[in-house]
Structure formats: C-alpha cells, structure tokens
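# this is a predicted model, with the sequence first.
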Amino acid sequence: LRPVGYKVPAELTATTGDCNDNAVAINPAASEVCDGVDNNCDGQIDNGVLNTYYRDMDGDGFGNPANTTMACSLPSGYVSNNTDCDDNDALEKPGQVWYADVDNDGYSTGATLTQCLRPAGYKVVAELTATTGDCNDNASAINPAAAEICDGVDNDCDGQIDDGVLNTYYRDMDGDGFGNPSNTTMACALPTGYVTNNTDCDDNDALEKPGQVWYADVDNDGYSNGTTLTQCLRPSGYKVPTELTATSGDCNDNAAAINPAAIEACNETDDDCDGLIDEDVKIIFYADTDGDGYGNLSNNISACSTPQGYVDNSDDCDDTDDNVYPGAEEVCDRKDNDCNGVVDDIGGSTVGNWDNSDVGAANGSANFPPCEADPDDIFIINSTGFSTSSSDKLHAVYQELCGNGEIIARVLNVQNGGWAGIMLRENLDPGSKKVSLKTQLTPMIRREIRSTTNGPVSMLNFNRPQHVWLRLVRDGSNFSGFTSIDGNNWSFAFTATLSMSGCVYAGLFAESINASVTTTATFNNVSIFRAQNLAAGLQQPATPLDGLSLSVYPNPTSGEMTLSVAGAPERSLHLEITDALGRIVRNIALPEGAVLTYPLDLSDEPAGVYYLRLRSEAGVESMQRVLVQE
C-alpha cells in the first residue's frame, strides 16, 4: 500500500535531493525565493535571490549607496534605493523641490530648484511660511507678512508701496513752520518746503501764522503803545516786533510824528513820549513893555510862539523907555541908550557926544564925560605949547554944532599958567575960522576972532573980575559972547559977524603960554544948546524984538517955576521948551500982553538943562536956559 506521503520513482522527478519533504515548494527543482529557506535545496539559503537594501539613516526614503545590507525583505532603516545624496539630512533627497528664500525670511519668491542637495538660499516647503509671495528675496524685512512701513518700499509685497503708512505733509511756502491745509503731499519723510501741520492762515506771508503776537502801530511810525492781539491773520494797524523799532512806548498811536524817537517840538504836545510836554524846546520870550523890539531879561515866560507884547531877545536894559535898546543912538541923557553898559558913551552917538583932539601940535590930553548933562560933570584938559596969531596950538574937547546954538562953561581952575576957554570954530585945523572966549582966572577975559582961514586973530580983552562963566552964541553968521559970575546973570562981551560953514565945532580948550609947560584947565557946568539940529546948512536967523525980556524963577528949580515976559508986543507968542538934545517937551501958546507971567511945571521931565524960547511969526524972539533938579 502506498504509504501516506510516498510515491514511486515514476511519479517523482527525482528520487533524491528534496531537503524539506514537508514543503512542496522546497525541492531541487524549486526556484529559490528569498524567504530565509533553501528552496532549491542546493544547500544555500536564498542563494541568488537576496535583495540589496540601502541604509536610510535620515528616514527620507532614500538610501545611502555607501551603506547597504542584503535581505529578502526591507529591513527597518533601509530602503531599496540608493539615491540619497546626504543620508544625514532627510530634506536632501532625490526629487526634492527647493524654494528660494535667500533672505531667510520664510517666504519664497516662488523660484524653485529640484535636486537632492539643498541649494544655497533655498528651503523646502516645510521650512517656509509660504512658497510664493516674497517680492524681494534679498531683504528679510520684505515679505507678505511684514508690516508695511513708510520707506518707499513695498514691505508687505502686496504690490503697493507704503500703502496705508504714508504721512500727509502740508506746503509751507512762506517758511513760517505752518502748513497750508489746501496744499498737501504724501511722503514717508518730511519733504523740503513742507511741514506736518496744516494750521497756516496765509501761506504767502511768513508773519501770518498761528500764535502770532501782533503789536498795535496804527500810525505806522514803528512804535507800538504795547497793545497786542494774538491771532494768525494780521489785524489792521498791527505789526510784529521785527517790524517795529519798539513794542511799547508810543504815547499817541494815532499820530506818526509822536513816538519815543521823535524830536520834541514846541507844540504843547509830548512828542517824544517821555511824559514831559515841550521840555527843552520851549522858547523863552521876554516882555517888551516899551515896544522897542527888545525884551526885559527879568520879565520872561516860556512859550512855543511869541506872545503878544514879548520878543525872543533879552537885550533891553530899560524896558520902560523905547529909546533905550541895543543899537539905539546914544544921546546925552544920563541913560545907557545903546545898552552897552556905559551911560552916555561917545561910541554910538551922533548927538551930544564929546570928543577931544589937538588943534596944532599941542601934545594935549583930556578927561571928560562923554556927553553934556549934569552941571557937576568935570572936564579936565591938558595942553602944551602956545598959539600964534594965524595958527592955534591947543587941546580941545568939542561937539559938532550944526545950526544955531550956544555953548556955556564955567572955568574952575587953570594950572601952570595959560588959558582956559570956549570956542566956536569952523574946523580943527590950526588956522581955521573961530570965535573964542578964554580966561586965566584973572580979572581979564580975552575974546579972539579969526574971520579968514589962516588969517590973523583979532583979540580983545575985557576986565571982568570974578566972571568965571563963559558963553558963546551963534545965530546964523552972528556970534555973541557973554560972561557971568553965577551963570544966570550974563554980561554982554561982544558981537561979531563971521561966515562959517553950517556945522562948526563947539567946545572947550586949554592953551599953554610956554612950550615947556603943560597947562591944565578944569571946567564944569558945561552945556551946548542946539536951537535947531540941521544936517546941512544954517537956519534963517531970527529977528529979535527990542525990549523983549524973558526970565524964569526959581532957577535952578525942582520943576515948578514962573515964566515972566516983559516988553511983549501985542501979538501972539509961543513958548517952546526943549531939552539939551533939542527935543521939544512943551509948546505953549501964551496970552497976549505987554507984560505977563505964566506958571510952568517940568517936574514930570528928567533932571537936566532945558531951554525956553519965545517964538513969533518972525522966528525966535528970546531964549533962556533953565536947570531942573530932581
């Protein structure tokens, strides 16, 4: 019987060689399969059918060709391929797709390389936040996840530069730091000519800006009164400090001429705003009470313009007399007429001034008051040498007498011999025509007349004891001489007719009788009466009336006196009273009558010598000299 599991040779391929009769698939004819069994019974397990496996250390499914093992099935940690390029990096494997991320920001531009080894600047998907979208793979701060900043770059790669982060800036045309809200630009940084604010009210005026402090200068003089407004636009009549000289101090902002720099004018206004009105500019005006154009130093006021009755000078030395002022003609009236500080000085007068000179080579000198005035004035004359018949040698003190008049003098003393006398002479030449009376203070008085130039002198002596008063009168070409012991009661000495020019020299003289001796003559009560001052020519001579006499008493007088006229004709007479300068102070129509008395009062006139003249239709009838004392 067939045993179970047995066969006959015919039924067998081989009767030997089966190495595992319990496995149909294991026999010499079997194909060796890799199953850890000797399937073809050749004595080798898996001979010729083992697989080569490659170590996959990094577990990336790709084996290391340099690290292999033989096995029927894939051992753990091995793979069937040997294409790995780096078995220490699971990312580096065949077919790996690498994404560019040069800036290493986790975002790729989308550029890829497919290769085993990692290219420089590349990553795999797992290493990236996104495989695309990076718009600048050279800047790690630029990627789709970056925050957009204002830098002129598309930081978040959305295709827009600085979107949502640009700043708005405002044009500042006038450079005042404040922008024009209607003129803007978008930028990341402040452009030139722009500012960050939009608060300007006028971008064409740098002064008009927010917070500007404006100072009132309504009158536009550069000075403010300190009033301010703070606002953007310029208020009318306001300025900023740089436009002003000063931000305060203007005391009248409605007048451009009034400010701290103004020059103070005399106008009753505080022009320079120092709190004072017209300081240092008011003019001092001086009262001109007498209306002569010159003011009184001690009576003054300050004003801007000349007040009525005032003048701008203080030169008057007597504001009660309109004949006394600087430059006035000095006359013999005991006043300083020309205000030069000297009374009756001869420098500024043509009337009544005394002068002195040698007549001939007398080598004389004199000391005398400049003008006839006070009877007590002393005249002292010194002279050396003596005269001849045709040529005088004397020293004279004189005035010019134009027209009719008289000279009177009292001789006080004659020293060292010689003569003291009075004269009326045509000129000061030694041989000029002359009439003179002279004395040596002896009982004898001498009269001298030279009727022709350089002609002989006619001399006549009079016995007149104590007659120390001498008087010469000119009436046209008629000359008379008188002597007196008291100056009131006159004794006739001589009369002569002599033709001389209209103006002659009336004066005193001293004359020596010895060439080696100086005679000194002293006089007082000296006066010259001018019946009429004629600049050229003589007045017509008066026609005297016989028997007419004129007298006054008392004489001297305090001013009140009585006029007595005897032998008056039965016709109208006028009494003229003149002062020593020939000025008429009274003109009185006298009543008719052969004998009359008339009260006179000169107490309102200054002290001095006055002359009384009776006039009729025919001219001067009689003259009388009166001394008024204070």
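In hand now; what should we look at?
# which of the helices or strands spans the residue nearest the centre of the chain?
In the chain, the centroid-proximal residue (CA atoms, centre = their mean) is Ile263; its distance is 6.3 Å. Mapping Ile263 onto the secondary structure by DSSP states H and E places it in no helix or strand at all.
# per-residue pLDDT, it?
Reported pLDDT at Ile263 in the predicted model: 93.
# surely it touches Thr269?
No. With contact defined as CB atoms under 8 Å, Ile263 does not reach Thr269; the gap is 11.9 Å. Any C-beta I mention is one placed from the backbone N, CA and C, and that applies to glycine too.
# so how far is Thr185 from the residue lying closest to Gly175 once chain neighbours are set aside?
Nearest-residue entry for Gly175: Ala206, 5.7 Å, with adjacent residues in sequence omitted and distances by CB to CB, 6 or more residues apart in numbering. From Ala206 over to Thr185 the distance is 20 Å, taken as CB to CB, to the nearest Å.
# between the two, which has more neighbouring residues?
Here Ala206 and Thr185 are set side by side on neighbour count (other CB atoms under 10 Å), and the busier one is Ala206, at 17 against 13.
# quick check: the more buried one touching Asp174?
Yes. Because the distance of 3.9 Å satisfies CB under 8 Å, Ala206 is recorded as touching Asp174.
# quick one on the thing from earlier: in contact with the residue nearest to the centre of the chain, which residues?
With contacts defined as CB atoms under 8 Å, 6 or more residues apart in numbering, the neighbours of Ile263 are Asp271, Asp272.
# recalculate using a threshold of 10 Å.
By CB atoms under 10 Å, 6 or more residues apart in numbering, Ile263 lies in contact with Ala257, Asp271, Asp272, Val281.
# redo those as JSON lines? Include secondary structure, distance to Ser389 and pLDDT.
JSON lines is the format used below for those (DSSP: H, G, I helix; E, B strand; the rest coil; distance: CB to CB, whole Å; pLDDT from 0 to 100):
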{"residue": "Ala257", "secondary structure": "coil", "distance to Ser389": "85", "pLDDT": "95"}
{"residue": "Asp271", "secondary structure": "coil", "distance to Ser389": "82", "pLDDT": "95"}
{"residue": "Asp272", "secondary structure": "coil", "distance to Ser389": "83", "pLDDT": "95"}
{"residue": "Val281", "secondary structure": "coil", "distance to Ser389": "74", "pLDDT": "89"}
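# out of the residues you listed, which are buried?
Burial by neighbour count, 16 or more other CB atoms under 10 Å: within these this picks out Asp271, Asp272.
# columns distance to Gly487 on top of the contacts of Ile263, output as JSON lines?
As requested, the contacts of Ile263 are arranged in JSON lines below (distance: CB to CB, whole Å):
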{"residue": "Ala257", "distance to Gly487": "73"}
{"residue": "Asp271", "distance to Gly487": "69"}
{"residue": "Asp272", "distance to Gly487": "70"}
{"residue": "Val281", "distance to Gly487": "61"}
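# determine which two of the contacts of Ile263 are furthest apart.
Ala257 and Val281 (13.9 Å; CB to CB).
# and for these two, which residues touch both?
What both Ala257 and Val281 touch, as defined by CB under 10 Å, 6+ apart, is the set Ile263, Ala265, Asn267, Asp271.
# neighbours of the third one, just the number please.
By that I understand Asn267. Neighbour number of Asn267 under other CB under 10 Å is 14.
# hang on, isn't it packed against Ile277?
Yes. Checked against CB atoms under 10 Å, the pair Asn267 and Ile277 is within contact range at 8.9 Å.
# ok but Thr520 is inside a strand, no?
Yes. With the criterion set as DSSP: H, G, I helix; E, B strand; the rest coil, the secondary structure at Thr520 is a strand.
# any stretches of the protein with poor pLDDT?
For the chain, the stretches with pLDDT under 70 are 332-334, 344-352, 371-373, 531-549, 567-572, 579-583, 592-596, 608-609, 615-630.
# skipping adjacent residues, who's closest to Val342 in space?
Take Val342 and drop its neighbours on the chain: the residue closest to it by CB to CB, 6+ apart is Asp336, 6.3 Å away.
# now Gly164
Take Gly164 and drop its neighbours on the chain: the residue closest to it by CB to CB, 6+ apart is Glu148, 5.9 Å away.
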